[in-house]
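S.K.: No sequence on hand, only this structure:
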């Protein structure tokens, strides 16, 4: 298997790239892993997880994976599709009785914040929420939504849709909305479903909506400044469970999730997801549309999504490469990221998955993206 070469050849190359990134103060700390279909074949950890306490990054460091939570939600929904309890092209309102679909934005006055809307031409479907073609946006990626934000954003009740359902790819709160169907359909809260149907079967013991009991294991968030990084105090409790973010996890645990997709829905001989569901998740589901690169409306939260190239397609929860990348990642690979600069991808062609974990703000930090791409190049150079 090709990924076996990574175990033999990549240790020195990847370690050199990541240690150099820490030495040059591109990032305070970084952890990168490579997995084949059975196990992690390479781990590199450098720098600090908690600078003030002198705690180094380790293989079992716990990270806030933020929007990498969306993959878990997508898998959970596809489990319900497998069971015949959910249909992808059914209106979402069929599964969440309290759902009130927002109208579509027609006009917005930035000065006053006044706007006009009109009824949507169609009901939002489950598939459109999975593919981010529902019309929902993110407040920090849209100036109109940002103008209306007066504190903690409501991720479930948008003032309006930014476009007609199905018309465009718009990265936003779709997965948070989507997750509201889990409890009425499955009879379990979101956290219970994740635990019972995904985390326990996969052995993801360090993944939950709660910070680790051992506070020393949780990596700090570092905010980039003109003079380096400001370390933020770690939270004592997690946020309420939601579908679009909020999970804490480790590199080992997240790779177990990625291997589930690599193995077409099986884990150690146990089928958790059908082959058909895995195939649907990881192929283009947006037709002639492209996964447009989001641009920021709030620079302290996120930069433009510079890791995207306006050419990707989107499946049911993952961005899909439509061509080979210069870093070596091949067409057909798929993945996503989290707001604290965590990134993952799955490469079916080479039967492997990889992930890199940092805890830096803002998102899509150019230095963090460079470190990720350097890791990627080092890995694929070994596979050439």
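M.R.: Arrived safely, thanks for sending. This one's a predicted model, so the numbers in the text were calculated from it and none came from an experiment.

S.K.: ranges for the helices of the protein?
M.R.: Ranges of helices within the chain are 3-23, 69-82, 126-130, 143-148, 174-178, 182-186, 190-193, 200-202, 251-262, 275-281, 366-383, based on DSSP state H.

S.K.: do you know how far the residue sitting furthest away from the middle of the chain is from residue 141?
M.R.: Computed with CA atoms, centre = their mean, the residue of the chain farthest from its C-alpha average is residue 112, at 34.3 Å. Applying CB to CB, to the nearest Å, the value for residue 112 to residue 141 is 22 Å. Heads up, the C-betas are built off the backbone N, CA and C, glycines and all.

S.K.: quick one on the thing from earlier: out of the helices of the chain, the one nearest residue 56 is which?
M.R.: Nearest to residue 56 among the helices of the chain is helix 3-23; the distance by CB to CB comes to 10.3 Å.

S.K.: And the average pLDDT for the closest one is what?
M.R.: In this model, helix 3-23 has a mean pLDDT of 78.

S.K.: Just give me the neighbour total for residue 164.
M.R.: Number of residues near residue 164 (other CB atoms under 10 Å) recorded here: 16.

S.K.: which residues touch it?
M.R.: Residues near residue 164 by CB atoms under 8 Å, 6 or more residues apart in numbering: 104, 120-122, 135.

S.K.: Make CSV out of those residues and add neighbour count.
M.R.: Listed next are the contacts of residue 164 as CSV, based on neighbours: other CB atoms under 10 Å:
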residue, neighbour count
104, 18
120, 20
121, 10
122, 13
135, 27
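
S.K.: So which of the residues you listed belong to strands?
M.R.: residue 104 (DSSP state E).

S.K.: what about residue 196, distance to residue 314?
M.R.: Applying CB to CB to residue 196 and residue 314 gives a distance of 28 Å.

S.K.: Between those two, which has more neighbouring residues?
M.R.: Neighbour count, other CB under 10 Å: between residue 196 and residue 314, residue 314 has more, with 23 against 12.

S.K.: That one against residue 320, yeah?
M.R.: Yes: here residue 314 reaches residue 320: they are 6.5 Å apart, a contact under CB atoms under 8 Å.

S.K.: Would you convert the helices of the chain into JSON lines that also reports mean neighbour count and distance to residue 159?
M.R.: Formatted as JSON lines, the helices of the chain follow (neighbours: other CB atoms under 10 Å; distance: least, CB to CB, whole Å):
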{"stretch": "helix 3-23", "mean neighbour count": "18", "distance to residue 159": "41"}
{"stretch": "helix 69-82", "mean neighbour count": "24", "distance to residue 159": "22"}
{"stretch": "helix 126-130", "mean neighbour count": "26", "distance to residue 159": "18"}
{"stretch": "helix 143-148", "mean neighbour count": "18", "distance to residue 159": "6"}
{"stretch": "helix 174-178", "mean neighbour count": "26", "distance to residue 159": "14"}
{"stretch": "helix 182-186", "mean neighbour count": "18", "distance to residue 159": "24"}
{"stretch": "helix 190-193", "mean neighbour count": "20", "distance to residue 159": "24"}
{"stretch": "helix 200-202", "mean neighbour count": "15", "distance to residue 159": "38"}
{"stretch": "helix 251-262", "mean neighbour count": "23", "distance to residue 159": "33"}
{"stretch": "helix 275-281", "mean neighbour count": "18", "distance to residue 159": "30"}
{"stretch": "helix 366-383", "mean neighbour count": "21", "distance to residue 159": "31"}
